[in-house]
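Peer 1: sequence plus predicted model, see below.
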Amino acid sequence: MTQSSRDLSRRRLLLGGAALGAGTLLTACTSNEAEPNDAQIKTGGSEAAGGNAAPGTEVVIGFSAPAADHGWLGAIITNANAKAQAQAYPDVELKAVESGSDAATQRAALATLLGQKPNVIVLLPHDGKELNAFGLEAMAAGIPVVNLDRAFPSARAYRTQILGDNYGMGVAAADYVIAQMKAKGVAAPIIGEIAGMDELELTQTRSKGFTDTLAAAGFEVANRRAARFTVDSGQQEASQLLQALPRMDALWNHDDDQGVGVLAALSQAGRKEMIMVGGAGSKKAIESIQADDSPLKATVTYSPSMASSAISLARLIGQGRGLGDLVELQVPKEIVLASETVTKDNASAYLKLGF
Amino acid sequence: MTADVVLRLTDLVKTFPGVRALDGVQLEVRAGEVHCLLGQNGAGKSTLIKVLAGVHRPDEGVVEWLGEPVAFANPQAAMKAGIATIYQELDLVEDLTVAENVFLGHEPRRAGFVRRGHAAARTREILGRLGHGEIPPRRPVHKLQAAAKQIVSMARALSHDARLLIMDEPSAVLAHDEVANLFRIIRELTAQGIAVVYISHRLEEIRTIGDRVTVLKDGRTTAAGLPAAQTPTAELVSRMTGRTIEYVFPPRPPEKTGQKELLRVVNLSRGGEFSGVSLTVAAGEIVGIAGLVGSGRSELLETVYGARRPDAGTVTVDGRRLTPGSVGAAVRAGLGMAPEERKSQALLLGEPIYRNVTLSTFTRLARFGFTSARRERESAGRVTRSLDLRPADVDRRVRTLSGGNQQKVVVGRWLLGGTRLLILDEPTRGVDVGARAELYRVIRDLAADGVGVLLVSSEVPEVLGLADRVLVMREGRLVRTAAAGELDEDTVLDLVMAGSLMEGAPA
Amino acid sequence: MTATAVKSDVRRRWAGENSENTTRNLVLLGVLAALIAIGAITRPQLYSDSTWVWNNVLSILQLASVIGVVTVGMTFVIIGGGIDLSVGAIVALAGVWATTVATQSFGAGGMIFTAVAVGLGVGLVNGLLIAYGKLVPFIATLAMLVAARGLAAQISGKQTQISESAVINGIASTKILGIPLLVYILAVVAAAGWVLLNRTTFGRRTVAVGGNAEAARLAGIDIKRHTMLLYGLSGLCCGLAAIMLTSQATSAQAAMANLYELDAIAAAIIGGTLLSGGRGTIVGSLLGVIIFATITNLFAINGLSTEAQNMVKGGIIIAAVLVQQFRFDAVTRLLGRIRN
């Protein structure tokens, strides 16, 4: 690659970087300076402490995520693609394979990827359990695996995993609901829940965090419907939930994308007596919270920028380097991104994060 | 002779809701004989076969097999006991090979694995016994001709070491020379002591192959064990019908001359099927084509009608050329067709009679795209009355009609549309004797009204008796055209089979 | 005609296909009544409020409205001897296409036109491939399912597209005489479908082509053209459904209308449509859709899981097919016996 094209691509990243922005904040275990995130490159901070941004040996990173037709996954793909295209790191080559709509197709795509012998593989598995065997196989073949978002049950199946905090989302949503109910003086609130795709473990974990936390406060979920992360399923399930609960005090919807449909159902039924909490943190939802024009009063985040961080981690692993600010010589085994609660008060800060 | 009796039925009764299908049937079949079963459609032949084959169980009466009273629980039991049935609609699995069909359900096995080689060898042996060693045991059945399929069916029956073979209208799907071969095989089987129950509508066949005849009418045996060769036709027919008719053609009208030419076919060809065919049909004229199955006759009719696209040649009606390969254009020009396979090519079996009759005219009977059930029922009613269709109820579903009445529905369809040229492919196939005569009358009446008719039949007497002019077709070419009066059956048969009359041909 | 003749005439007609359809529809109504009764028994406190009951009925009908419109089109295709696996994908594509920034700039009229045109267009492409390209319907529409969802994902950039049109969004929240507009739309589409199937030459051709394509062809019916139109009709229904769904969700995305093909086929089969073609009723299909919606509603008001709901739906589909086969066999056997 010539110097000028590298500059060009870097400049492209500067422009695109605004959208990603603080997305690479590794709130769980690291600080701004420690992470070679886009913001740093943008500010020319490549010589910051730790020097992670300094070019190292060439690393070929394989990337696989399920076919995306939904907002959050779409954001992940876009993120990864942005990374690849912008080539923030001159020493990284990204080989991305899109991996269909089920575990079997993804396994097939991964077999191909493995044949290309990348230095590190970043993998968003369709299902962590189903692809655990692949993680073991790749690790045994000496290719470190960075698991993105959906944990493998076996610790030997990955070098590092970077996860959102699904349980924490439920906890954060419940905490907000509890606080609001207490503030309003509702002793026995009727609480509804619109979950995401019920066959995914992450949905179960989110719901568990929600119910556990509510139970600690003596509350419970009165009715729960599972949608499919799509707008129309959100509308449909919400319309039925509203039928089942003629009065509702609080509603947690796991996913802001399907939340568009949930809000539509609320308005079609003329129901606005409850407070609603979203999930994931879409741009539209955060805007709506800021404008305070609907029952949606808060949303609990599930970082869409973790793919970027995963690539950064993969690069460091490939180069055998640790996180700059940490004393350890290698990248940590696990990074969990905390779920944060976005309300009217802090919405403006999160707006640029939303997908 | 009692010792020779393999099967004896006494006072057999089988009822279905609302119908007494068998109402006292007596039948006695001896080893090594061909026992013919005669009766009109609906006389109970099919039910009787199904009782023997173990499909149905009789309500009353006794079935004695090899001297023991038996009750077959299912078809497998009957087959195991040595009774094999070859149905009119062959029940072969089209995608399996010949050998797989022959041994279907009783494959020779070792340790759970089918011994394919062994099955093929035994199939070859059985086919050889049937005089058809040339049929490859490993060929998929769908690649075989109808006649070969029937041989496979018989091979399957023999693979069970059958002692009684029931054949339901085996000649219906066969051409003339193939029938001769069938008869040769039947004679060989009976020589080995196997009994055959043979069902056919064709009296001439019964005379040729049969030893004794049992006649059924309305579920009852009206005559048992008559000698097949000697019993006068009049007696057989009267036992079946109470009437005395067979191949009764209406009197030929005086020859018409100067009729306007309606259809002209010039040099029509279609690869591998027929070539260079030219013919004409005038208004009010009946033109008959005689030819074997596979001579290209059905393909020719379908091409004239636009259901197939010709490679070369033209079809003109009233001097106007028809769009090749367009049925719609042919119908608009006044053509109509009653195809060979009524059920699969012409009828909506689950729909009422009137909707079948108006299938090609409901658009014309409709107003602004809205159909009129009233107008359709009226129109269909007129046609069914003029054709003496029974039952006359136009709301009845076609599935419930007999073959002859179903054919009337198909023909009636074209009477409604003001059709000027009617194409009939095997118009009397599967139609019983009584209904045949009525169909002949209908066809003649149509011609008298000025409709041109182009028909194909496997039965030479039918072509000769019905047509004004006869075309003989062989291997895709017209080999002779003559007025019906100038030809006789022997001449036509000779032409059809290229001058080589085969041995043992039925007279 | 004498009185007895009239009576026997009536009895005979009732003994035929009409009575078969009527019986089936009465059975379906019975199932529906049973489902509602179960709801009333399990949630008496909800059912004691008549306003709630009325709203619940409307909610069920609203739930049935979009898939109902799709099912009307599907019923025609199946009666005509085909199958359309691409309906969900067409709904998604039409919805996404109608909600692009460019389309939305033309206003609600432009969006409706786009959805209907896209639906009709894709349906006609299906029909062309099947009728003139001689592809098997299953394969052609399966390919279209994949392709249309892909195109929808491409157009939307895998993002949710929010509808900014107050008119479009208003369709789902509009009520006339207390009944949602979406329910009227379903009623009009179903009524039009009924007339089209039972009273027009188009419907007659559909039954003929599906019942015996060769017989229809030899009777002079242009079966290719008709087959193409059938898929066009299905696509048209999908376009209409896309607008309804977009209005309900106030947005569209490539993943929406998930598995509508299965829901529509299942509803048609439950309603008595013969998968092999030639027979089926609009009323039956509609009842099938409403039964499914009622099951969803029943499970929702009882707070039961979606898994159980799907298992029950699957069980009902199997039961319906078994009943259909049993009946068909029984009828065939009976007729066979009578003939002999």
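Peer 2: Perfect, thanks for sending it.
Peer 1: in the stretch 251-355 of chain A, what residue is nearest chain B?
Peer 2: In the stretch 251-355 of chain A, the residue that lies nearest chain B is A:Q268 (37.7 Å; Cβ to the nearest Cβ). (C-beta placed from N, C-alpha, C; glycine too.)
Peer 1: in the stretch 151-300 of chain A, which spans are helices?
Peer 2: All helices of the stretch 151-300 of chain A, identified by DSSP state H, counting those that start in this stretch, fall at A:166-184, A:201-216, A:231-244, A:256-269, A:283-291.
Peer 1: make CSV out of those helices and add mean neighbour count and mean pLDDT.
Peer 2: Output for these, formatted as CSV (neighbours: other Cβ atoms under 10 Å in any protein chain shown; pLDDT from 0 to 100):
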stretch, mean neighbour count, mean pLDDT
helix A:166-184, 21, 95
helix A:201-216, 19, 94
helix A:231-244, 27, 95
helix A:256-269, 27, 94
helix A:283-291, 21, 91
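Peer 1: would you turn the ones you listed into CSV with distance to chain C?
Peer 2: Converted to CSV, the helices of the stretch 151-300 of chain A look like this (distance: least, Cβ to the nearest Cβ, whole Å):
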stretch, distance to chain C
helix A:166-184, 18
helix A:201-216, 11
helix A:231-244, 3
helix A:256-269, 4
helix A:283-291, 7
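Peer 1: which pLDDT value belongs to the residue in the stretch 101-250 of chain C that chain B sits nearest to?
Peer 2: Per Cβ to the nearest Cβ, C:G220 is where the stretch 101-250 of chain C lies closest to chain B, at 3.3 Å. With respect to pLDDT, C:G220 has a value of 91.
Peer 1: does the closest residue to it other than its chain neighbours count as helix, strand or coil?
Peer 2: Leaving aside its chain neighbours, C:G220 sits nearest to B:V331 (3.3 Å; criterion: Cβ to Cβ, 6 or more residues apart in numbering or on different chains). Here B:V331 is recorded as helix under DSSP: H, G, I helix; E, B strand; the rest coil.
Peer 1: is any part of the helix or strand containing C:S247 close to chain A?
Peer 2: Using DSSP states H and E, C:S247 sits within helix C:223-249. Yes: interface with chain A: helix C:223-249 contributes C:L245, C:Q248, C:A249 (Cβ under 8 Å from any Cβ of the partner chain).
Peer 1: contact partners for residue 129?
Peer 2: You didn't pick a chain, so chain A it is. Under the criterion of Cβ atoms under 8 Å, 6 or more residues apart in numbering or on different chains, the neighbours of A:K129 are A:F152, A:P153, A:E201.
Peer 1: hm, I was asking about chain C
Peer 2: C:L135, C:A140, C:M144.
Peer 1: hang on, it in a strand?
Peer 2: No: secondary structure of C:L129 (three-state DSSP): helix, not part of a strand.
Peer 1: chain A versus that one, what's the distance?
Peer 2: According to Cβ to the nearest Cβ, to the nearest Å, C:L129 and chain A sit 23 Å apart.
Peer 1: and what of B:V6?
Peer 2: Distance, B:V6 to chain A, by Cβ to the nearest Cβ: 60 Å.
Peer 1: so that residue sits in a strand?
Peer 2: Yes: counting by three-state DSSP, B:V6 falls inside a strand.
Peer 1: okay, it: pLDDT?
Peer 2: Reading off the model, B:V6 has pLDDT 92.
Peer 1: just the residues of helix C:223-249 next to chain A now: which is nearest chain A?
Peer 2: C:A249 (4.0 Å).
Peer 1: wait, that closest one touches A:A238, no?
Peer 2: No: C:A249 is beyond contact range of A:A238, at 10.1 Å (criterion: Cβ atoms under 8 Å).
Peer 1: which residues are in contact with both of those two?
Peer 2: With contacts defined as Cβ under 8 Å, 6+ apart, the residues shared by C:A249 and A:A238 are A:G261.
Peer 1: give me the low-pLDDT residue ranges for the stretch 201-340 of chain C?
Peer 2: Within the stretch 201-340 of chain C, the segments meeting pLDDT under 70 span C:324-340.
Peer 1: what separation do you get for C:Y260 and chain A?
Peer 2: 10 Å.
Peer 1: and whichever strand or helix holds B:L182, how far out from the chain's middle?
Peer 2: Assigned by DSSP H and E, B:L182 falls within helix B:176-191. A distance of 18 Å separates the centroid of the chain from that of helix B:176-191, by Cα atoms, centre = their mean, to the nearest Å.
Peer 1: hmm, back to that, just the buried ones from the residues of helix C:223-249 next to chain A?
Peer 2: C:L245, C:Q248, C:A249 (16 or more other Cβ atoms under 10 Å in any protein chain shown).
Peer 1: and the second one, what does it touch?
Peer 2: So the one you mean is C:Q248. A:D232, A:Q235, A:Q236, A:G261, A:A264, A:A265, A:Q268, C:V66, C:A172, C:L182.
Peer 1: break chain B into its domains for me.
Peer 2: Split into domains by automatic domain parsing, chain B comes to B:2-241, B:261-347+B:418-496.
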